[in-house]
Each structure stands twice: as C-alpha cells, then as structure tokens.
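Visitor: Pasted the sequence and its predicted model underneath.
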Amino acid sequence: MARKQKFDIVIVGGLGHVGLPLGLSFANQGLNVCLYDINKERAEQVLSGQMPFIEYGAKPILKKVLRNKNLHTSLDISVVSQTKYIIIAIGTPIDEYLNPKVRAFLELFADLKKFINNQQIIIIRSTVYPRTCQQLTNILNKKNGPWHIAYCPERIVQGYAIKELKELPQLVSGLTPLAQAKAAKLFSLLSSKTIKVSIEEAELAKLFSNAWRYIQFAIANQFYMVAHDFGVKYDQVRQAMIEGYGRAATLPSAGFTAGPCLLKDTMQLVSFNRNNFLLGQAAMMINEGLPNFIVEELRKKHDLSKKKVGILGMTFKADIDDIRDSLSYKLGKILRFHGTKVFYSDEFAKDPTFISKEKLIASSDIVIIGVPHSNYKKVSIPPKVHVIDLWNIIKKGTK
Ligand SMILES: NC(=O)c1ccc[n+]([C@@H]2O[C@H](COP(=O)([O-])OP(=O)(O)OC[C@H]3O[C@@H](n4cnc5c(N)ncnc54)[C@H](O)[C@@H]3O)[C@@H](O)[C@H]2O)c1
C-alpha cells in the first residue's frame, strides 16, 4: 500500500467495540492505523496497553502493535486528512421511542467535510438506516465529488471480533466502483472472502441478519412461555426436538435477548418499512416482555414485597463485560416496583453496588440467572432457594 500519507487508515469511533478490534486487526497486518475518538479516557487506556473492554485475543495484539508503533490514537478530527482510508465505526442508536437516531451520524459527515477530499476512500462500518450512504453525498459537497464511499457492515459477535474478522466473509459495497474495489482490497488483508453487493443489498443484509437472529430468539422465548403455562419445561421439549433432527437444530434456548444491536436493528427495519414489520414488532414484544413474564410468574407464588431476589449476571450476553441495554436491569426495576429487595452480581462487569455471587446466593430467597456466564456452571445453590434459570446452566440437584 502506498505510504504517501501519515496513516494507512483512520478509524472514526476507533475506540469502540467495533472500531478497536478492527483497528488492531489492520495494525496487526502491518498497516499504520490511527484510532480517532472523542473518548479521552479510553485513548489513554489503550495507549498504556490496556483493553477498555473484554475482547478475546486482543491484548497481545495491542501490546505488539504499540511496540511496533503502528497503532496511534487521536482526539482531533483533522487527523482524517492524513490518510488514504477513513473507516466510520461510531454508534447508530435508536431513541427511547425506538426510532433511528441518524442525526449524529449525518452531523459527523458535516464535520468531516472540512478535512476530507475525493481522493480518499470512506468506508462505513457502522450499521446504518437504509439510504444513509446515499444521503451522505448530499451532505458532502457534490461538486467536490465523486465521493468514494463504501459500505462494509460489521458482522462480528461482540467479544470475539479478533477471531471472527479472520473467519467471516466481508460484505463490500460502494457508491463508486473505485470505492468498492479499494474496500475489497483492504478487507482482503483480514478475511479470505469478500462478497461484492450493491449498497442497498448491504444495507438490508446487515439489518436482515440482526432481525433474523432477534426473531429466532423471540420464537424460543415464546415457546418457553407457552411450555411454562402448560406445566412443561421448554428446555426438555427443545432437547427432544433437536436430538437427531437437523431441521430443528438451530432452535435457540430461551433467555434474555438484549444488547445494543439486535433490538435496535430490528427497529430500524420497522421504521424503514413504514412501521410495518409485524414479525420484528412481535419479536420485540416477546423479548422485551420476558422480564415481565418472569415477575408475573413469581408473583403467583410469592409476595414479592417480602422477598429478596438476586440477579446473577448483568451483562447483555455471556462472558463479556458490556451492560448496554441488558434486560437484567429491566428485571431488577420491575421487581423493585413490586417492593422487592434486589441484589445484583456479575462476573465481568464492575459496579460498586454489585455483590459477589456467593453473597448474593446466601442473601436471596429467589435467584434469577440474568445471563449464563460460564462460571455459573460451577455455582451451587441451596435447595430452599427458588431458582429461575432459563438457560438451564445451574447444576442439576442444586436448585
Ligand atoms: N458491538 C457490536 O458487537 C457490533 C457488531 C456489529 C455492528 N455494530 C455496529 O457498529 C457500530 C458501532 O457500535 P459499537 O458497539 O462499536 O459502539 P461503541 O459505542 O462501542 O463505539 C462507538 C465509538 O464511537 C465513538 N464516537 C461517538 N461519536 C463520535 C464522534 N462524533 N467522533 C469520533 N468518535 C465518536 C465513541 O466514543 C465510541 O468509542 C454501530 O452502528 C453498531 O450497530 C456493533
């Protein structure tokens, strides 16, 4: 790669859950990478060789690329002028009414416009609302174009990006043939397969992937509720269904379906399709309703105002430290509304209000598994404690 500029790649939002492992992976290939972000604390942490969040396999790479001096950070947006490739990896959230919040993303481009030129390749890695990529050309001055914008959505599962960036085929699309070709060349440094698609196909492929997963989890959660009402354990039904029967093999276990992506992207699709994506909307009601279902079932057996309930696991998925949009917190809030004393514990996320799992188990009348961290497989809970364990992770005979 030509080295006319100071950096090969600048990643905007480079210290986030997508930007950082991506930047580390490119730096590990010998490229000179700069992570531009607004989070000063994270920049200091990364420069001192510390990962700001759990990302399996990242720490040795971070140490290596810092030692080799091919990973840098910047808090100054003008750094984007010093590179061939600009990758955008900032968050693309929805608001409290589940509508996409696109303004910050578009405003970023209004800010970037002062520092970029049409010789650069701009790669959108964030998950965007359909037609956002086209919209960007309206924000950038058209007469200074054509702008070489590519859309290559990130598809990793959080915590395992370092491994998956090597394994997953990369979807590559571009507003210009040059943008698509250059983005494909760049991503071929990480992955052995790139799949070329149109911008519109890439926008939908990303949202459909997350909505598809979200709906799969919703059907498992709905089955769990149906089986429970029928006095049957869903997990046993599921085991019977999947054993030797490949057509049911992908049926997930029940459990909280949360985090910053699946609900958000399903709701982006709802909004894009004129509020008419009934399966996605039904999935949202089922998945978001699971904490309420659990509390209502407990209320049939207990006076919750006299009970102490411990929630084991506060992150949005197992074996990571990210609490964003975790349903364990929603569960805790509903229980508190009923006057319950609630304790929280987690194996990875840190919070001064959390207590150890041992103390939580010893102090609670009811224990609810919020997320199936691997360590919980070793936990034993006295028989007198009522345990709600959707994932069936707690050892048999101890609950
Ligand atoms: N987290 C995942 O596993 C995952 C997987 C696939 C796709 N995505 C998508 O990737 C995007 C990023 O998600 P994330 O989880 O990494 O978010 P994140 O919040 O972890 O990271 C975003 C980063 O952008 C920075 N930032 C925000 N505004 C900025 C600005 N104006 N200029 C510079 N930096 C800015 C933040 O400080 C943060 O470090 C989203 O669109 C998300 O849907 C996430």
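Guide: Perfect, I can see it now.
Visitor: and the helix or strand of the chain with the lowest mean pLDDT, which residues are buried?
Guide: Here the helix or strand of the chain ranked lowest by mean pLDDT, DSSP states H and E is helix 132-139, holding a mean of 92. Buried positions in helix 132-139, judged by neighbour count with 16 or more other C-beta atoms under 10 Å: Thr132, Cys133, Leu136, Ile139. Quick note: C-beta positions are derived from backbone N, CA and C, even for glycine.
Visitor: of the residues you listed, closest to the ligand?
Guide: Nearest to the ligand, judged by C-beta to the nearest ligand atom, of the buried residues of helix 132-139 is Thr132 at 10.4 Å.
Visitor: I'd assumed Leu108 was in contact with that closest one.
Guide: No: the criterion here is C-beta atoms under 8 Å, and Thr132 misses it with Leu108 at 11.3 Å.
Visitor: Can you name the residue of this protein nearest to the ligand?
Guide: Closest point on the chain to the ligand, by C-beta to the nearest ligand atom, is Gly16, at 1.9 Å.
Visitor: Quick one: neighbours of the closest residue in space to that residue that isn't next to it in sequence, just the number.
Guide: Closest residue to Gly16 apart from its sequence neighbours, by C-beta to C-beta, 6 or more residues apart in numbering: Ala89 at 5.9 Å. When neighbours are counted by other C-beta atoms under 10 Å, Ala89 registers 25.
Visitor: Contact partners for Ala89?
Guide: Listed by C-beta atoms under 8 Å, 6 or more residues apart in numbering, the contact set of Ala89 reads Ile11, Val12, Gly13, Gly14, Gly16, Val18, Gly19, Leu22, Arg125, Ser126, Glu154.
Visitor: For the stretch 201-350 of the chain, which residues are neighbours of the ligand?
Guide: Within reach of the ligand by C-beta under 6 Å from any ligand atom, the stretch 201-350 of the chain has these residues: Pro260, Cys261.
Visitor: in the stretch 201-350 of the chain, which spans are helices?
Guide: 234-242, 262-272, 278-301, 327-337 (DSSP state H, counting those that start in this stretch).
Visitor: From the contact counts, what lies against the second one?
Guide: Read that as helix 262-272. helix 199-229, helix 278-301 (3 or more C-beta pairs under 8 Å, 6 or more residues apart in numbering; DSSP states H and E).
Visitor: List the buried residues of the shortest one.
Guide: The one in question is helix 278-301. So, applying 16+ other C-beta under 10 Å, buried residues of helix 278-301: 279-281, 283-284, 286-288, 290-291, 294-295, 298.
Visitor: now do the first one
Guide: For helix 199-229, the neighbour count (16+ other C-beta under 10 Å) marks 199, 202-204, 206-207, 209-211, 213-225, 227-228 as buried.
Visitor: packing partners for it?
Guide: Looks like helix 199-229 contacts helix 132-139, strand 148-151, strand 170-174, helix 234-242, helix 262-272, helix 278-301 (3+ C-beta pairs under 8 Å, 6+ apart).
Visitor: Next up, the contacts around the nearest residue to Phe256 once chain neighbours are set aside.
Guide: Excluding its sequence neighbours, the residue lying closest to Phe256 (C-beta to C-beta, 6+ apart) is Leu327, at 3.9 Å. Leu327 makes contact with Phe256, Thr257, Ala258, Asn287, Glu288, Leu290, Pro291, Phe316, Gly370 under the criterion C-beta under 8 Å, 6+ apart.
Visitor: What does the pLDDT read for the first one?
Guide: Predicted confidence (pLDDT) at Phe256: the value is 98.
Visitor: residues in contact with it?
Guide: Counted by C-beta under 8 Å, 6+ apart, Phe256 has contacts Asn287, Leu290, Pro291, Phe316, Ser326, Leu327, Ser328, Leu331, Gly370, Val371, Leu390.
Visitor: For Pro100, which non-adjacent residue is closest in space?
Guide: Once flanking residues are discounted, Pro100 sits nearest to Tyr129: 4.5 Å by C-beta to C-beta, 6+ apart.
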